[in-house]
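**Q** Here is the input, now give the coordinates:
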Amino acid sequence: METLPLLLTLAAAASVYLLWFYLLARKLTGPKVWPVVGSLPLLFMNRRKIHDWIAGNLRATGGVGTYQTSTIALPFLARKQGFYTVTCHPKNIEHVLRTRFDNYPKGPDWQTAFHDLLGQGIFNSDGETWLIQRKTAALEFTTRTLRQAMARWVSQTIKNRLWSILDKAVAEKFSVDLQDLLLRLTFDNICGLTFGKDPRTLSPEMPENPFAAAFDTATEATLQRILYPGFLWRVEKLLGIGAEKRLKKSLEVVETYMDDAIEARKENPSDDLLSRFMKKKDVDGNHFPISVLQRIALNFVLAGRDTSSVALSWFFWLVMNHPEVEAKIIKDISTILTETRGNDHQKWIDEPLAFDEADKLVYLKAALSETLRLYPSVPQDFQIRRSKRCSA
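**A** Numbering: from 1, shown residues only. Predicted structure coming up:
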């Protein structure tokens, strides 16, 4: 008989919970929600196609026009109330990333997970630390010297390496992995622009670069920290196993490479970003220490490598499937070069495209913009509000 009151209490508690859950679930827009586990089963099932799954949830919410907002219930993962708010509405994204950017910091969970790789770099900082790097980068990328350095690195790698590899492939009639070539191209360019060191991963031999491989491993291991509960990666780090073991070993390679680059720039400053940041001061008025300079440089490598290569891969894939667009792009380029350089085709090849010439390529820029709209290089961005998480 003593068990009867306990059973009645449990039944009453379960009834109250189910009623609360029913009333809550009716108001949520997004994937199916189950008691206790929320949408975690669906997240796990769709983990290998997460972007397509999220886009499908947004389309299924209906609403006015194309852009929707949905809620994904992820207990144990989302700290505040177990909910992620997901939106693709332009005004919402503008609110989060621009209008009230200061109200959506990275947050301690994100910063802790990415600290080993990104430190206090621009992708992993808030407040004044972020603002100094943002202003410095924005200013430097508009300077004439950096724009000239960018044009120099890009023209050298395209003309002397990419073209020769593609010409050989055409002559000998063998296929190439264009995405791999573009990844190597953008990696060499961003490394040269960031710290004036050319890893030469784009060459006929297609060499494996220790820094590039270690950087990839470190990035992948760091991303796993976000996909799983925090205590899991902390235990792995404590025990030195799994992804955390790979992360530690790869960071040793990355830091050694960066130390060499910084020492080289101390002895011989150049027009690269690292040399420029070495002259800047932090919020306390001190020059950045080496450990911070390493992470600042790595943040720019992360920003400029995969994003550019992914965008270019999609662009060429779309162009190859739409020959009429290819013809218009060629006409666009030929028209501008004829206006600026005459009919000397050898001059078209020998001299890199100037920035003022590129600005006139209206159709090409429109095609690139449409590529980014259809296949964005960064399809997801996480921000944390004081009261709940927001994914834009």
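**Q** Which secondary structure element is home to Y84?
**A** strand 83-87 (DSSP states H and E).
**Q** In the sheet, which strands lie alongside that strand, parallel or antiparallel?
**A** Strand 83-87 pairs in its sheet with strand 69-73 (antiparallel), strand 389-391 (parallel), by DSSP bridges.
**Q** If you average pLDDT over each of those, which is lowest?
**A** Looking at the strands paired with strand 83-87, the lowest mean pLDDT belongs to strand 389-391 (a mean of 50).
**Q** For the stretch 1-150 of the chain, which segments are assigned as helices?
**A** Secondary structure of the stretch 1-150 of the chain (DSSP state H, counting those that start in this stretch): helices at 3-27, 40-45, 50-60, 90-94, 108-118, 127-140, 144-157.
**Q** where's the second one relative to the chain centroid, distance-wise?
**A** In terms of C-alpha atoms, centre = their mean, to the nearest Å, the gap separating the centre of helix 40-45 from the centre of its chain is 24 Å.
**Q** I'd like to know how many residues surround the closest residue to T222 other than its chain neighbours.
**A** Once flanking residues are discounted, T222 sits nearest to L117: 4.6 Å by C-beta to C-beta, 6 or more residues apart in numbering. Where you see a C-beta, it was placed from the backbone N, CA and C, and this is true even at glycine. Neighbour count of L117, defined by other C-beta atoms under 10 Å: 24.
**Q** same question, A60
**A** A60 has 12 nearby residues by other C-beta under 10 Å.
**Q** who are the neighbours in contact with it?
**A** A60 is in contact with S70, counting by C-beta atoms under 8 Å, 6 or more residues apart in numbering.
**Q** roughly how far apart are it and K32?
**A** Distance from A60 to K32, counting by C-beta to C-beta, to the nearest Å: 10 Å.
**Q** residues contacting F288?
**A** Each residue near F288 by C-beta under 8 Å, 6+ apart is listed here: F277, M278, K280, K281, D282, I296.
**Q** Quick check: closest non-adjacent residue to the first one.
**A** Residue nearest to F277 in three dimensions, not counting chain neighbours: I296, with 5.5 Å by C-beta to C-beta, 6+ apart.
**Q** In terms of helices and strands, where is the one you found?
**A** I296 belongs to helix 290-304 when assigned by DSSP H and E.
**Q** Only C-alpha atoms, please: export that helix in PDB.
**A** C-alpha atoms of helix 290-304 as PDB (Å, rounded to 0.1, in the frame of the first residue of the first chain):
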ATOM      1  CA  ILE A 290      53.800  35.900 -30.100                       C
ATOM      2  CA  SER A 291      51.000  33.500 -29.000                       C
ATOM      3  CA  VAL A 292      48.400  36.000 -29.900                       C
ATOM      4  CA  LEU A 293      50.000  36.800 -33.200                       C
ATOM      5  CA  GLN A 294      50.000  33.100 -34.100                       C
ATOM      6  CA  ARG A 295      46.300  32.900 -33.600                       C
ATOM      7  CA  ILE A 296      45.500  36.100 -35.400                       C
ATOM      8  CA  ALA A 297      47.300  34.800 -38.400                       C
ATOM      9  CA  LEU A 298      45.600  31.400 -38.200                       C
ATOM     10  CA  ASN A 299      42.200  33.100 -38.100                       C
ATOM     11  CA  PHE A 300      42.900  34.800 -41.400                       C
ATOM     12  CA  VAL A 301      44.200  31.500 -42.900                       C
ATOM     13  CA  LEU A 302      40.900  29.900 -41.800                       C
ATOM     14  CA  ALA A 303      38.900  32.800 -43.300                       C
ATOM     15  CA  GLY A 304      40.600  32.900 -46.600                       C
END
